[in-house]
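Peer 1: need a 3D model of the sequence below.
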Amino acid sequence: MLLTRIKGPRDLDRLSQEELEQLAAEIRSFLVDAVSKTGGHLGPNLGVVELTIALHRVFDSPKDKVLFDTGHQAYVHKLLTGRQDFGGLRTKGGLSGYPSRAESEHDVIENSHASTVLGWADGLAKANEVLGRDDHHVAAVIGDGALTGGMAWEALNNIAAAKDRPLVIVVNDNERSYGPTIGGLANHLATLRTTDGYERFLARGKDLLERTPVVGKPLYETLHGAKKGLKDFIAPQGMFEDLGLKYVGPIDGHDIEALESALQRAKRFGGPVIVHCLTQKGRGYQPAVQDEADRFHAVGVIHPDTGLPVKTAAASWTSVFADEMVKLGRERADIVAITAAMLQPVGLKKFADAFPERIFDVGIAEQHGATSAAGLATGGVHPVFAVYATFLNRAFDQVLMDVALHKCGVTFVLDRAGVTGDDGASHNGMWDMSILQVVPGLRLAAPRDAEQLRAQLREAVEVKDAPTVVRYSKGVVGPAVPAVGRIGGMDVLRTPAPEVTRPDVLLVSVGALAPMCLEIADLLDKQGISTTVVDPRWVKPVDEALAPLAEQHRVVVTVEDNGRTGGVGAAVSQALRDAGVDVPLRDFGIPQRFLDHALRKEILAEIGLTAPDIARQVTGLVAKLDGRYDNEPAATVD
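Peer 2: Numbering: from 1, shown residues only. Below is the predicted model:
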């Protein structure tokens, strides 16, 4: 096999065009076989095989910087830079699903948040200029979907201002982000795809006119001089050239020879150049090509021949939300939904099918989506903006100054909150409950099970004068956790024995960690430590009944699937201080660090967010209150 002989990009230089085509076929076969066993981003990588080969033949990585946005299409790049062990892809100790500086000097940015690569490229090109590195180049690959993000256009505005600063921007145009790309830019790129290029028109015209006596040559020169207007008519790439960017394309993104030629020309140009490549997401794998939803953008473990899942998926948090949104849509004509290019992943496909006039896909533009939601609310409807928890970070200012300041009734539904695991640091939704704590008037719900998700979503959309947030985990929804009572707005999940006059521990359980918190209470009970377990349901604002309840206990413990800094534990601590309740509090959550990719349970174990770990520490805390010290340890918690 040719692939096994590729240890680095320069090994590509000695291959003939025929061998390069063979290598592309081998890479596709490798990807289908490997990713079907582990899960991962299959469709995007099948679409960029030839493009990645061409990039590494034209540019000299790592001296030249080859950058990818969002990075989920970097598997081919990994294969060509010496990383061909995909057996542990996206698992602990294995390859990351995105570029990783820890893995290779060929990886520059580890981001998997879209639309950022052009900002990186602009900065790297400027650094080359400042340091006089004339022999260094920057090539940035960005999808047509990522070009819907405002950050990309802010960067283009700056890139275009330096006419002689070399930078190659490769638009990987497959008409999709997750699903089909939406919006005006998508329509513009579609026009470029389907219109004969100006250069070909002019070349044919030159041949004809030069054979025409007397008037031929002057007429050709006139046409060439008027090329801007002619280009807009023949192939409207003028949008890019109006910015001052040289445009090359469209290029067949699966023709290595054509790609190399275009990239070489762009590299020699000496200024910013757009190379527009047309690719097919999922190319070479029929199940992916036939998948109209997202061309196998991301898959679990599948059968490589059929593309069908090996295991039947259990009900997920996302599916519960999806079904409840359709029910709400039928009951209320004012309910509308917003997605940022992720209709299917966030569970809005069923709503879109049922109410196509009430779904708005804003593209990869969370900031715009939040402000547009404020406008929708002001206009008299109730928008539900469903987005991954980690991606709401990008729209914080809009949530604060557009939605909350204007007291707009907007519901944000945060999918994949907390530790998500295999996608790594950028996808762990561990920031939202900290960031949103500072937003005045905002109300935040963390449902513990499917029933509570349905109930709290309904409570959220009833709020008309403030933003509401409902956040839940990735993956399978756990078993129902019934309440045994209610205090204020909080559900009581467990009470001590009736004879206990002052329980030891008030355990505040946040969201999907309720089963674990009940397990903690069981372990404490075995140590003779009495525990009350409550689920606040709405963690912001802190329920007024919590402080008086805390005063009846010796210790307060909070457990949350969120960063400890500024999270629910911090908010509860402040509420107790404000109420003058002087009870020790211990908060358990995610440490403020970027967590490597691994299974969710592995990460929780690594950071000590498990029932035995927490019970052991709480036992020690209660022992100190009882007058025992470190040299007199409490009994072991199994």
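Peer 1: tell me which residues in stretch 443-463 are buried?
Peer 2: 443-450, 452-454, 456-457, 459-461, 463 (16 or more other Cβ atoms under 10 Å). All C-beta atoms are positioned from the backbone trio N, CA, C, and that covers glycine.
Peer 1: what helices and strands are in contact with the helix or strand that contains Glu519?
Peer 2: Assessed by DSSP states H and E, Glu519 sits inside helix 514-526. Counting contacts by 3 or more Cβ pairs under 8 Å, 6 or more residues apart in numbering; DSSP states H and E, helix 514-526 packs against strand 490-494, strand 505-509, strand 531-535, strand 555-563, helix 611-625.
Peer 1: closest one to His368 among these?
Peer 2: strand 555-563 (26.0 Å; Cβ to Cβ).
Peer 1: what mean pLDDT does that closest one have?
Peer 2: Mean per-residue pLDDT for strand 555-563: 95.
Peer 1: so that strand versus helix 514-526, what angle?
Peer 2: 150 degrees (axes from the mean of the first three to the mean of the last three Cα atoms, to 10 degrees).
Peer 1: show me what strand 555-563 pairs with in its sheet, parallel or antiparallel.
Peer 2: Here strand 555-563 has these sheet partners by DSSP bridges: strand 505-509 (parallel), strand 585-590 (parallel).
Peer 1: name the next helix or strand downstream of it, please.
Peer 2: Criterion used, DSSP H and E; the element after strand 555-563 is helix 568-578.
Peer 1: of the strands paired with strand 555-563, flag the one that's most buried.
Peer 2: strand 505-509 (a mean of 26; mean count of other Cβ atoms under 10 Å).
Peer 1: now that one: mean pLDDT?
Peer 2: For strand 505-509, the per-residue pLDDT averages 97.
Peer 1: any idea of the angle it forms with strand 490-494?
Peer 2: Counting by the same axes, to 10 degrees, strand 505-509 lies at 120 degrees to strand 490-494.
Peer 1: how about the residue lying closest to Val542 once chain neighbours are set aside, what does it touch?
Peer 2: Counting by Cβ to Cβ, 6 or more residues apart in numbering, Ala575 is the residue found nearest to Val542 once chain neighbours are left out, at 4.0 Å. Each residue near Ala575 by Cβ atoms under 8 Å, 6 or more residues apart in numbering is listed here: 542, 546-547.
Peer 1: can I assume Gly380 is in contact with Asp334?
Peer 2: Yes. In this structure, Gly380 is within contact of Asp334 by Cβ atoms under 8 Å, at 6.9 Å.
Peer 1: higher neighbour count, the two?
Peer 2: A count of neighbours by other Cβ atoms under 10 Å puts Asp334 above the other of Gly380 and Asp334, at 14 against 7.
Peer 1: tell me the contacts of that one?
Peer 2: 380-382.
Peer 1: for Ile590, see how far away it is.
Peer 2: As for Asp334, its distance to Ile590 is 37 Å (criterion: Cβ to Cβ, to the nearest Å).
Peer 1: do the same with Ile256
Peer 2: 45 Å.
Peer 1: buried set for the longest helix along the chain?
Peer 2: Longest among the helix segments of the chain by residue count, using DSSP state H, is helix 17-38. Residues of helix 17-38 classed as buried: 20-21, 23-24, 26-28, 30-32, 34-36, 38 (neighbour count, 16+ other Cβ under 10 Å).
Peer 1: what helix or strand does Val413 sit in?
Peer 2: Assigned by DSSP H and E, Val413 falls within strand 411-415.
Peer 1: average model confidence for that strand?
Peer 2: Per-residue scores along strand 411-415 average to 96.
Peer 1: against which helices or strands is the helix or strand following it packed?
Peer 2: Using DSSP H and E, the helix or strand that follows strand 411-415 in sequence is helix 432-435. Applying 3+ Cβ pairs under 8 Å, 6+ apart, one finds that helix 432-435 contacts helix 389-392, strand 468-471, strand 555-563.
Peer 1: redo the ones you listed as CSV? Include distance to Gly489 and mean neighbour count.
Peer 2: Formatted as CSV, the helices and strands packed on helix 432-435 follow (distance: least, Cβ to Cβ, whole Å; neighbours: other Cβ atoms under 10 Å):
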stretch, distance to Gly489, mean neighbour count
helix 389-392, 23, 26
strand 468-471, 14, 28
strand 555-563, 17, 26
